[in-house]
Each structure stands twice: as structure tokens, then as C-alpha cells.
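Peer 1: can't give you the sequence, but here's the structure:
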């Protein structure tokens, strides 16, 4: 008789040749292995969540001249296991050494409230499309840019938090997080991951395509990091963050991830990471772990990012995961209006979450200038991948200060499960924002702008995910796979000196 996994398996990628398999078993399991080919690799215990024990196995697979499919099984206590759907064998695609990998980028994998979930037909329709496309032409890598789960129901599912949330702010700050409250919070996140990630076909994709994940606010709760310091640091908020961080580290970072940029990889203060894979460098920015109302990343965090860009990213193409778009519509009018009213608290987290919020403008420019400096030296493509805003779109930063201009493109894909704004909601967004050309220096030589993908409107108001594949023309082709008849696409060229 086969044992059954509580969750997983979940494939990961941490270098050109290091793959990981993470899974959750019953707490009674004493030993676990992953078998692929003739090799049987022992899994190490990462710790536990309320639902069971979390295990991680590392698979060293050197790139060969040709591509290959790798089949694998999971064993616990010498017995082969099945997943939640009864499968006991999975496989994934490893591209050849000189092969350009086909990648997918997704974000917003859930719903901000149950009413929205119940009103959405076929919630996992786009995951079905990805599964179908993967069967025809395999993806080598799945990039997940934030909101892999939606934890907002924590405020209604845990009664003690519901009561606490009804208190005046001054009372909230004084209250302690009780032992029972902490236990309920821990249970909530455990059940959330197990429930959401066992859904098909998402479960199949997580087991079939190696992934790199970076969290965003809904993996904690809506707006985390964009609340006033007194709320952010209060005991109840910190108890929620501790539980969210624990589950994120075990199931999305997958333990002692070798690609982390933090100096202390056993107890990282942030989860920014960098992976080099078949000519691409994937730099994932953690904009949540040390985020505050006036700061997106701490000074030490910035040193890790800038040090990597200066010293360890000399060539190839760079993909930068920034969950919240760096180039997007300007919310300054709405922000100014809210700042002038007594209702600031209710809307503050939504507006302050944007890179273009006035508190983050300097830090945003710091990020852009560091990426431009790197792009001038590296000469390859630079593409930012973002989500969060529930529409798809395309932005561009152009630097014309030197003889050979440099472009940085930003691809926004959002969301694969969360619905787009309704027509009336979108009209409201348009009314209080603009997408005018933005000048980023006094000489007007550096600009940021929104541009229209081919085959759609400027903003893709439909659920979507993105595929990325370099063509024979050496352009990186971006295709938005979305609901509806439109098939948006855009070819990205290298910046720097052209041959």
C-alpha cells in the first residue's frame, strides 16, 4: 500500500544544475527519499507545519548537449508515495546546455475575498492552459512573482483576530498575541497552503516545472509593510508575520536556499535571490521582509543587491522579479487627495504599496539607476517581471545619456487566478491616475513610459500569464496567454551596443 503526501511534490531551481524537490508528509514519517533514474537521493527534514513534516531533496543534474526528461518518485520509510490526486510518478524537462529555456511567469494565484471567488467561473482555467501548453512544448522554468496564496481571510476565519480587528487602533497596539491566537494563526497558514496548492492543475504544474518564487503582501496579508510603524510593529501583526514567514520559508524558499543573497543563509534577514540558468540571471527582489512605510528594502539589503549587480552579474540577460511594478500608472493625484482627508488609514496601504508612492520615489530611482548601470556594462536584455495590479501591460525605461542607448522593459502579468478589475472599477482607476511620459533626470535623457503590446489594448484587462522564449531572431518573445480572443505579444531586443 502506498503512502500519501500531505502536499507536493514541489520542484525548485537554485542554479544551472541544482534542482530541489520539496514535499510535506505525515509527521510520523522518519525517513524520505527522491528516486530519479538510478539514483536515490535522501531528503532532509526542514521542519514542520501544522499539517505535517516538510522535506527537501537536492538533485544535481548537469546540463548535457541535448535536452532530457527526468522522471522521479518520492519514497517515505521505503514506501512509494502518491500525491493528492493519486499519482506516484512525476517528470520535468531539463533543457540542453546551449538551449534557450522556455519560461512562464505568473502572479496573483488566488482571490482577495470569498465573494469574488464564488463569482468566478473556472478559477484555474489558465493553469489548465499552461498544463496543455506544457504537454505540447515543455516549460523549463516557472517564475512566480507574488501572491502565491491569498491570506486575507485570516481576519474572518480566526475569531480572536476578528474581534481584535474591531478594536480602536490604540487598543489594538496594546493587546498581546495570546498562545491560542498564535496557534490558530499557525494552523491557518498551514491549511491555506495545503488547501490551495493541492488544487488541480496547479499541483501538477508545481510538480512538473521547476519554480522560483518571490512573495508579495497577500502571502502575509493585504498591504503588509505599508502600514504605520506602530501597527506594523504591534504584537499581533508581528505574530501573523512570523507565521507567514515560517510557511513562506519552508514552502516557497524551501529551506536553506543556496541562491539567497543574504550573507546569513541559515537565518536570512531577507529572501532576495539570484539564479543563473542557461544564459539568464534571475534576480528576485524581496520587497516585503523588511518593508516599512518609508522604506522598501533596508540598507543592508540594498548592499546585497547592489553588490550582486556590480560584481556578480557581468553578462547574459537579466530578469528582475519585482512583485509591484516599477513602471506603472501614476497614483500621485489619488495619494495627495487621501493625504488631505481624515480617511487616510483606510486607503493608505493600497496607495503606499506602489513604487511611485512619494515615500518610495527615491528608492525607486535608486533601483532604476543601478539596473541601468548594470545594463550599460552587461549589454544584454534587462527585463523586469511584475504582477500585483490585476491587469497585464508593458513598460519601458529608456536611457539616452550615452551614444548607445539602453532600454529596460517591464512585463506585467496579473493575475493567473485573481480576476481583472470590472469595467467600472477600471474607469475609476483611470480617473484618478495617469500614464504620462515620466522624466527621471533633469536632462530628460532617462524616461519611463507605458507602451502597447501587439494584438491588444495597452492594458490587458483579463486574467493572464506570460510565456518567455528567445526566438531565432535573438529577440525575447513575450506572449500573454489570457482569457478572451486577444493574443498580446511583444519582442524584446538587447540594449547596449548593437552589432
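Peer 2: Now that the structure is in, tell me what you want to look at. Since this is a predicted model, take the numbers as computed values, not measurements. Numbering: from 1, shown residues only.
Peer 1: quick one: contacts for residue 137?
Peer 2: residue 102 (C-beta atoms under 8 Å, 6 or more residues apart in numbering). (Each C-beta comes from the backbone N, C-alpha and C, glycine too.)
Peer 1: again, only this time at 10 Å
Peer 2: Under the criterion of C-beta atoms under 10 Å, 6 or more residues apart in numbering, the neighbours of residue 137 are 93, 102, 467, 469.
Peer 1: Please look at the first one and residue 61 and confirm they touch.
Peer 2: In other words, residue 93. No. Residue 93 lies out of contact with residue 61 (C-beta atoms under 10 Å); the separation is 11.1 Å.
Peer 1: Low-confidence regions, this structure specifically.
Peer 2: Residue ranges of the chain with pLDDT under 70: 1, 333, 335-349, 495-499.
Peer 1: Report the buried residues of stretch 257-270.
Peer 2: Across stretch 257-270, burial judged by 16 or more other C-beta atoms under 10 Å covers 257, 259, 260, 261, 262, 268, 270.
Peer 1: Which stretches in the stretch 351-499 of the chain count as helices?
Peer 2: Applying DSSP state H, counting those that start in this stretch to the stretch 351-499 of the chain gives helices spanning 361-378, 423-432.
Peer 1: ugh, wrong one, the chain
Peer 2: 114-118, 125-136, 154-157, 159-165, 169-174, 179-197, 202-208, 229-232, 235-248, 299-311, 332-339, 344-352, 361-378, 423-432 (DSSP state H).
Peer 1: for those helices, which one ends up most surrounded?
Peer 2: helix 202-208 (a mean of 22; mean count of other C-beta atoms under 10 Å).
Peer 1: Excluding sequence neighbours, find me the nearest residue to residue 269.
Peer 2: Leaving aside its chain neighbours, residue 269 sits nearest to residue 262 (5.8 Å; criterion: C-beta to C-beta, 6 or more residues apart in numbering).
Peer 1: what does residue 330 give?
Peer 2: residue 434 (5.2 Å).
Peer 1: Just list the residues touching the closest residue in space to residue 74 that isn't next to it in sequence, thanks.
Peer 2: Counting by C-beta to C-beta, 6+ apart, residue 74 lies nearest to residue 81, which is 4.9 Å off, once chain neighbours are set aside. Contact analysis of residue 81 by C-beta under 10 Å, 6+ apart lists 2-6, 8-9, 23, 25-26, 29, 32, 73-75, 87-88.
Peer 1: hang on, isn't the residue nearest to residue 330 packed against residue 331?
Peer 2: Yes. Assessed by C-beta under 10 Å, residue 434 is found in contact with residue 331 at 9.2 Å.
Peer 1: ok, residue 277 touching residue 97?
Peer 2: No. Residue 277 lies out of contact with residue 97 (C-beta under 10 Å); the separation is 11.4 Å.
Peer 1: got any residues that touch both of those two?
Peer 2: Counting by C-beta under 10 Å, 6+ apart, the residues touching both residue 277 and residue 97 are 16, 63.
Peer 1: more crowded one of those two?
Peer 2: residue 277 (22 against 14; other C-beta atoms under 10 Å).
Peer 1: How about the more buried one: which residues does it bridge to?
Peer 2: Listed by DSSP bridges, the beta-bridge partners for residue 277 are residue 280.
Peer 1: please renumber so the chain begins at 3
Peer 2: Renumbered: residue one is now 3, and that last one reads residue 279.
Peer 1: could you measure it against residue 70, distance?
Peer 2: 16 Å (C-beta to C-beta, to the nearest Å).
Peer 1: Same question for residue 27.
Peer 2: Going from residue 27 to residue 70 by C-beta to C-beta gives 28 Å.
Peer 1: Compare the two (neighbour count), which wins?
Peer 2: Using other C-beta under 10 Å as the criterion, residue 27 and residue 70 rank with residue 27 on top: 26 against 13.
Peer 1: and the end-to-end length of stretch 89-105?
Peer 2: End-to-end span of stretch 89-105 (C-alpha to C-alpha, to the nearest Å): 25 Å.
Peer 1: Can you list the buried residues in it?
Peer 2: Buried-residue list, stretch 89-105, by 16+ other C-beta under 10 Å: 92, 94, 95, 96, 97, 101, 102, 103, 104, 105.
Peer 1: and the closest residue to the third one other than its chain neighbours, how many neighbours?
Peer 2: Which is residue 95. Using C-beta to C-beta, 6+ apart and skipping residues adjacent in sequence, the residue nearest residue 95 is residue 140, 3.7 Å away. Here the number of neighbours of residue 140 (other C-beta under 10 Å) works out to 18.
Peer 1: that older thread, so who does the residue nearest to residue 332 touch?
Peer 2: 331, 332, 333, 334, 335 are the contacts of residue 436 under C-beta under 10 Å, 6+ apart.
Peer 1: try residue 279
Peer 2: 15-19, 65, 97, 103, 105, 142-143, 212, 214, 318, 321.
Peer 1: next one: residue 95
Peer 2: By C-beta under 10 Å, 6+ apart, residue 95 lies in contact with 69-72, 103-104, 136, 139-143, 210-212.
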